[in-house]
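[1] Need a 3D model of the following:
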Amino acid sequence: MTAYFERVQLLLQQSRYDMAEEQLRLWLAEQPDSAAAHSLLAIALSGQSKFRAAVHEAEKGIVLAPDIAYSYYVLAAIQHDADALGPATEAIDRAIQLDPFDADQFGLKASILLQQKEWKQALEAAEKALEIDAENVSAANTRAMALVKLGRRSEAGVTIDSALARDPENAVTHANQGWTKLEAGDHNGAMDNFKEALRLDPNLDWAREGIVESLKARNPIYRVMLRYFFWMSRLKSKIQWLIIIGAVVGIRIVNNLMESNPEFVPFGWTIIILYLAFVILTWIADPIFELLLRLNKFGRLALSDDQITASNLVGGALLLAIVFLLAGLFTANNTLYVGAAFTAALIVPLSGIYRPSAKRSRLILGIYAGILTFLVLAGTALNVAEINLGNLLHWGAFIGIILYSWVANWLIIRG
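    Reported below is the predicted structural model:
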């Protein structure tokens, strides 16, 4: 057991999860009732994004060692990584009940609470972890992130500086400092931190995402959008919904004022147009600016596969809309203008596919966007062929695009 344990620990530290899995399978072949082996196998599987199998192994570890806090800690960590925050909370609370003096357990609880946007409770859990172990860098990072979300940036900066003083080679801390600076509006300083984080850990996606945001923040229009995105990210789901619904109600009030006060019409239309432009920009800003980054050598390397795919979809929709528009100009066929407008409108659903973090939500939005794309293209083709069914398909696409933002916001807010 000792030989297997030492080899597995080393492989896990090196993130060589597939090789760790092989060693753990051999260990379990000899000792199928080893709770430690099942828990460690769960970690190796989670590292390969095999979350269902990882949860299964973690639960086996709990069955074999129901009074060991580490078994529950592993299950909580896996469920946290899989975005199953409710079960993760239950598991980490049980681990803390069994061992209330483990800093890593409070650190994980703080991370779960942070993801649930419970900023104050996340701060309390992180501080509890630091009371137990003042050198816990992970807890220090979580504390700093919670402080930023609570608007206490100066305290967050002190926490990060302290963490870097203890461990100057920690890539996550450098990335955390980058995001703190970015949220404060210092995109140039943030870029330096993200570069340093990637130098230390070339596979740190969090730092790579930060570089992309820093590059996009060089554009003054995107900087405004980024401030809005950060502000919204600090709000709980219920508050986000209240803001979305409140904006819709506000537009309705403006419309009523225009109907009863003709002199208010120019001002009212200005409000409505600016609101619609802002709403559309919140949806398309990311992929549009990522599309522009494709022209930047450094930006192109920093984009993730999802960001590249999203920008490709948006670029394809824009190109096709231009083709329809030019075809309409050359043929004087008005139906092609309509097709161009609908194709351009597809940018909104296509750009939103990768916005949720959960794979299931992405799948739903992908299918939704695919159906809308079919309706638009089929409707345009039938209209060009002067078949009445084309108008019906376009009406279906129009209703689907209007409803899309509500469906997508619900999926995004819930993760």
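
[2] D104 and L130, how far apart?
    For D104, the distance to L130 equals 12 Å [CB to CB, to the nearest Å]. (C-beta placed from N, C-alpha, C; glycine too.)

[3] Overlap in contacts, those two.
    N136 (CB atoms under 8 Å, 6 or more residues apart in numbering).

[4] Using the record's assignment, carve the chain into domains.
    169-224, 235-413 (automatic domain parsing).

[5] Just say which of those is most tucked in.
    Sort the domains of the chain by mean neighbour count, taking mean count of other CB atoms under 10 Å, and domain 169-224 sits at the top with a mean of 20.

[6] Can you give the distance from it to the centre of its chain?
    Between the centre of domain 169-224 and the centre of its chain there are 15 Å (CA atoms, centre = their mean, to the nearest Å).

[7] where does the stretch 101-250 of the chain have low pLDDT?
    236-237, 240-241, 244 (pLDDT under 70).

[8] hmm, try it at 80
    230-248 (pLDDT under 80).

[9] just the helices in it please.
    Assigned helices in the stretch 101-250 of the chain, in chain order: 103-115, 119-132, 137-149, 153-166, 171-183, 187-200, 205-216, 220-233, 237-260 (criterion: DSSP state H, counting those that start in this stretch).

[10] quick one: which of those helices is nearest R7?
    helix 103-115 (22.1 Å; CB to CB).

[11] what about D161, how many residues close to it?
    12 (other CB atoms under 10 Å).

[12] what do you get for the one 3 residues further on?
    Here the count is done by other CB under 10 Å, and L164 has 18 residues near it.

[13] How about the contacts made by it?
    Contacts of L164 (CB under 8 Å, 6+ apart): N170, T173, H174, Q177.

[14] how close does the third one sit to G107?
    This means H174. 18 Å.

[15] re earlier: how about CSV for the domains of the chain, with distance to E155 added?
    Shown next, in CSV, are those (distance: least, CB to CB, whole Å):
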stretch, distance to E155
domain 169-224, 11
domain 235-413, 20
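
[16] returning to what we had before: so which of the helices of the stretch 101-250 of the chain is nearest L346?
    Nearest of the helices of the stretch 101-250 of the chain (CB to CB): helix 220-233, 20.4 Å.

[17] elements contacting the closest one?
    Applying 3 or more CB pairs under 8 Å, 6 or more residues apart in numbering; DSSP states H and E, we find helix 220-233 packed against helix 205-216, helix 265-293.

[18] mean pLDDT for the ones you listed: which is lowest?
    Confidence, taken as mean pLDDT, is least for helix 265-293 of those (a mean of 77).

[19] How far does that one sit from its chain's centre?
    21 Å.

[20] tell me the angle of that helix relative to helix 220-233?
    Between the axes of helix 265-293 and helix 220-233, defined by axes from the mean of the first three to the mean of the last three CA atoms, to 10 degrees, the angle is 100 degrees.

[21] Format the CA atom coordinates belonging to the helix or strand just after helix 265-293 as CSV.
    Using DSSP states H and E, the helix or strand that follows helix 265-293 towards the C-terminus is helix 297-302. Extracted C-alpha coordinates of helix 297-302, given in CSV (Å, rounded to 0.1, in the frame of the first residue of the first chain):
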residue,chain,number,x,y,z
LYS,A,297,-1.1,37.3,-32.9
PHE,A,298,-1.0,37.2,-29.1
GLY,A,299,-4.8,37.3,-28.7
ARG,A,300,-5.2,34.5,-31.1
LEU,A,301,-3.0,32.3,-29.0
ALA,A,302,-4.8,33.2,-25.8
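
[22] what's the average pLDDT for helix 297-302?
    Here the average pLDDT along helix 297-302 is 72.

[23] Which residues does it contact?
    With CB under 8 Å, 6+ apart as the criterion, helix 297-302 contacts R208, I211, V212, L215, L293, R294.

[24] quick one: the last one and L303 touch, right?
    To tie it back to what came earlier, the one meant is R294. Yes - counting by CB atoms under 8 Å, R294 does reach L303; the two are 7.4 Å apart.

[25] any residues in contact with both of those two?
    Joint contacts of R294 and L303 (CB under 8 Å, 6+ apart) are S311.

[26] one step back: any chance of the contacts of L164 in a markdown table, plus distance to F298?
    Converted to a markdown table, the contacts of L164 look like this (distance: CB to CB, whole Å):
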| residue | distance to F298 |
| --- | --- |
| N170 | 24 |
| T173 | 23 |
| H174 | 18 |
| Q177 | 20 |
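
[27] Which of the residues you listed sits closest to L204?
    The closest of the contacts of L164, once distances to L204 are taken by CB to CB, is H174, at 8.9 Å.

[28] Skipping its backbone neighbours, what lies nearest the closest one in space?
    A197 (3.9 Å; CB to CB, 6 or more residues apart in numbering).

[29] Assess the claim that the one you found and D205 are in contact.
    No - the pair A197 / D205 is not scored as a contact, 10.6 Å apart, by CB under 8 Å.

[30] Ok, which of the helices and strands packed on helix 220-233 comes nearest L45?
    helix 205-216 (19.3 Å).

[31] hmm, who's touching the closest one?
    171-172, 174-175, 178-179, 182, 187-188, 190-191, 193-195, 197-198, 201, 222, 226, 286, 289-290, 293, 296, 298-299, 302-304, 307.

[32] Over to stretch 254-271?
    I251, I272.

[33] now do the same end-to-end measure for that stretch.
    By CA to CA, to the nearest Å, the extent of stretch 254-271 from end to end equals 8 Å.

[34] residues in contact with A381?
    G390.

[35] which element follows the helix or strand hosting it toward the C-terminus?
    Per DSSP H and E, A381 falls inside helix 359-384. Next helix or strand after helix 359-384 toward the C-terminus (DSSP H and E): helix 389-413.

[36] SS state for the residue positioned nearest the centre of the chain?
    Centroid check for the chain by CA atoms, centre = their mean gives S357 as the closest residue, at 4.5 Å. Three-state call for S357 (DSSP: H, G, I helix; E, B strand; the rest coil): coil.

[37] State the phi and psi torsions of it.
    The phi/psi pair for S357 (degrees, to the nearest 10) reads phi -90, psi -30.

[38] isn't it right next to A84, touching?
    No - using CB under 8 Å, S357 makes no contact with A84, being 12.0 Å away.

[39] distance of the residue nearest to D18 when sequence neighbours are not counted from Y70?
    Excluding the flanking residues, the one nearest D18 by CB to CB, 6+ apart is Q48, at 6.5 Å. Taking CB to CB as the measure, Q48 falls 21 Å from Y70.
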